[in-house]
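> Let me see the structure of the following:
(one chain, ligands or ions: 2)
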Amino acid sequence: MKRSEQILRQHKVKVTPQRLAVYGVFNNGKCHLSAEEIFQKVKAQVPAISLGTVYAILENFTSKHLLNEIKIDFSRSLYERTDEDHHHFLCRLCRKVLDVEMPRCPVLDRKSVQGHAIENFQGYFYGVCKDCSSKKR
Ligand SMILES: [Zn+2]
Ligand SMILES: [Zn+2]
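Ligands and ions are numbered 1, 2, ... in the order given. Prediction:
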């Protein structure tokens, strides 16, 4: 818990029990969670929290670069920690969102594209995941 507080402060986010609970949902490793899923998990610890509050916290965390919002699936936004750069793959059959490691794009090292400063880059890939394609055979 101490560590989460520090991380929030480092990102200039005021520490509140609700914000700690939302950030804590991401403690157990790699995950992509929708606002609804985060809300369900946080409610177990902070029963008084509303979905609206969770959305407001997620917006705050995203603007402070604590979380990334992944918009690969137009039907739901997913959130994950900003720890590492990677891209995402959405399977059109099972709707699973997977992390994909890719060699770093050389354009990003130039920090700008056609004169525009790059702050962030996310690649979205769409297709059929290996689990689903092996099931089809
Ligand atoms: Zn699949
Ligand atoms: Zn990811």
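> Please point out which parts of the longest helix along the chain sit buried.
The single longest helix within the chain, with elements called by DSSP state H, is helix 51-63. Going by neighbour count (16 or more other CB atoms under 10 Å), the buried part of helix 51-63 is 53-54, 57-58, 60-61. All C-beta atoms are positioned from the backbone trio N, CA, C, and that covers glycine.
> List just the nearest of those to Val25.
Using CB to CB, Val54 is the member of these that sits closest to Val25, with 9.7 Å.
> State the pLDDT value of the closest one.
On pLDDT, Val54 comes in at 97.
> Please name the nearest non-neighbouring residue to it.
Phe39 (4.5 Å; CB to CB, 6 or more residues apart in numbering).
> wait, what's in contact with the one you found?
Phe39 makes contacts with 49, 51, 54, as judged by CB atoms under 8 Å, 6 or more residues apart in numbering.
> Go ahead and confirm the first one touches Val25.
No. Using CB atoms under 8 Å, Ile49 is not in contact with Val25; the gap is 11.5 Å.
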